[in-house]
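**Q** I'll drop the sequence and a predicted model, then ask my questions.
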Amino acid sequence: MKRILIADDHEAVRSGIRAVLAQRADWEVVAEASDGKKAIAAAIESKPHVAILDFSMPRMTGVEVTRRIKEFSLPIEVLIFTVHNSGLLAQQAYLAGARAFLSKSDASKLLVAAVDSLLVHKSFGIGSGLDVLDSVPVGGTRLTPRERLVVKLVADGYSNKGISAILNLSVKTTEAHRAAAMRKLGVNSTAGLVRYAVRAKLVAD
C-alpha cells in the first residue's frame, strides 16, 4: 500500500484530492494537515511515500515544508500544487527538493499521473518555465529567485500584502525583496518593475 500525505488549509481541497486518489485501491491517504507546521509533523509521524503540499499554507509554505523534509532526510517524494501556475513558483519548488509541480486546475486530470511518477522517483511537470528563471536582467545583474518571484507577482498586480500572503512572508520582508530588486534593476517605480518583467518574459506582454 502506497502512503500519501495531503496538506492544504482548505478542507474542500483536501476532500477533492482524496476523491481523485481514491481511484487507486493500492493508495492510502495516511495523514492530512491544514498548515505547514502540521504537515512537517505529519510527515515525520506517518512516513508517507508521497506528500502533496499546497504552495500557500499558513505558518509555513509548501516550499518551506519541502526544505524541512529534505533537511530531515525523509524518503518522501514531494508534489507542490498551487493556484498560481508559474515557472517562478516551479523553480522555488524544484530548488527546495520537490519533484512535481502541478496547478490545482489540472489536479483532476493529472494528479494520478503525477503521483505515479513520484512513486517510481521520476519528476513530473517540474520543468515548466524554468528557463524563465535564467533570464539575465538589463545590465547583467541577476536577481535572486525570491526577488524574481516578487517581481513577477508585482507585475501580476499583487500588492505587498498579497505577495506576503502567497509567499508566507512578512510584509516587511516582501518590501525588502522588492526594494532590492528595484535597486539592482535601476528602477524606481512599480511601472519599471512591470516593464522589466515583460522584457524578461516573467509575464505576458
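**A** Nice, thanks for sending it over.
**Q** Now the lowest-mean-pLDDT helix or strand in the chain: buried residues?
**A** Here the helix or strand of the chain ranked lowest by mean pLDDT, DSSP states H and E is helix 87-96, holding a mean of 78. For helix 87-96, a neighbour-count test (16 or more other Cβ atoms under 10 Å) marks 87-94, 96 as buried. C-beta: built from backbone N, CA, C; applies to glycine.
**Q** For that helix, name the packing helices and strands.
**A** With contacts taken as 3 or more Cβ pairs under 8 Å, 6 or more residues apart in numbering; DSSP states H and E, helix 87-96 sits against helix 62-71, strand 77-82, strand 100-103, helix 145-155.
**Q** Contacts only, for the residue most central in space within the chain.
**A** The centroid of the chain falls nearest to Phe55 when counting by Cα atoms, centre = their mean (4.1 Å). Residues in contact with Phe55 (Cβ atoms under 8 Å, 6 or more residues apart in numbering) are 61-63, 80-82, 84, 89, 93, 166.
**Q** Return the member of the residues you listed nearest to Ser108.
**A** Nearest to Ser108, judged by Cβ to Cβ, of the contacts of Phe55 is Phe81 at 11.5 Å.
**Q** OK, contacts around that closest one?
**A** 52-55, 62, 101-104, 107, 111.
**Q** Which of those residues sits closest to Glu175?
**A** Among those, and counting by Cβ to Cβ, the member closest to Glu175 is Phe55, at 21.1 Å.
**Q** With adjacent residues omitted, what lies nearest to the closest one?
**A** Leaving aside its sequence neighbours, Phe55 sits nearest to Thr82 (Cβ to Cβ, 6 or more residues apart in numbering; 3.6 Å).
**Q** how many neighbours does Arg199 have?
**A** 12 (other Cβ atoms under 10 Å).
**Q** all numbers from here: first residue = 44
**A** Done: numbering now begins at 44, and the last item shifts to Arg242.
**Q** Check the gap between it and Ile112 for me.
**A** Distance, Arg242 to Ile112, using Cβ to Cβ, to the nearest Å: 36 Å.
**Q** that older thread, touching, the residue nearest to Phe98 and Asp97? I think so.
**A** Yes - if you go by Cβ atoms under 8 Å, Thr125 and Asp97 touch, sitting 6.9 Å apart.
**Q** Quickly list what's touching both of those two.
**A** In contact with both Thr125 and Asp97: Gly105, using Cβ under 8 Å, 6+ apart.
**Q** who's more crowded, those two?
**A** Each of Thr125 and Asp97 has its neighbours counted (other Cβ under 10 Å); Asp97 has more, 27 against 23.
**Q** Can you name the residues that contact that one?
**A** 50-52, 56, 105, 123-125.
**Q** For it, grab phi and psi.
**A** Here is the backbone geometry of Asp97 (degrees, to the nearest 10): phi -70, psi 140.
**Q** quick one: the helices in the protein?
**A** 54-64, 79-89, 105-114, 130-139, 150-162, 188-198, 203-210, 214-228, 233-242 (DSSP state H).
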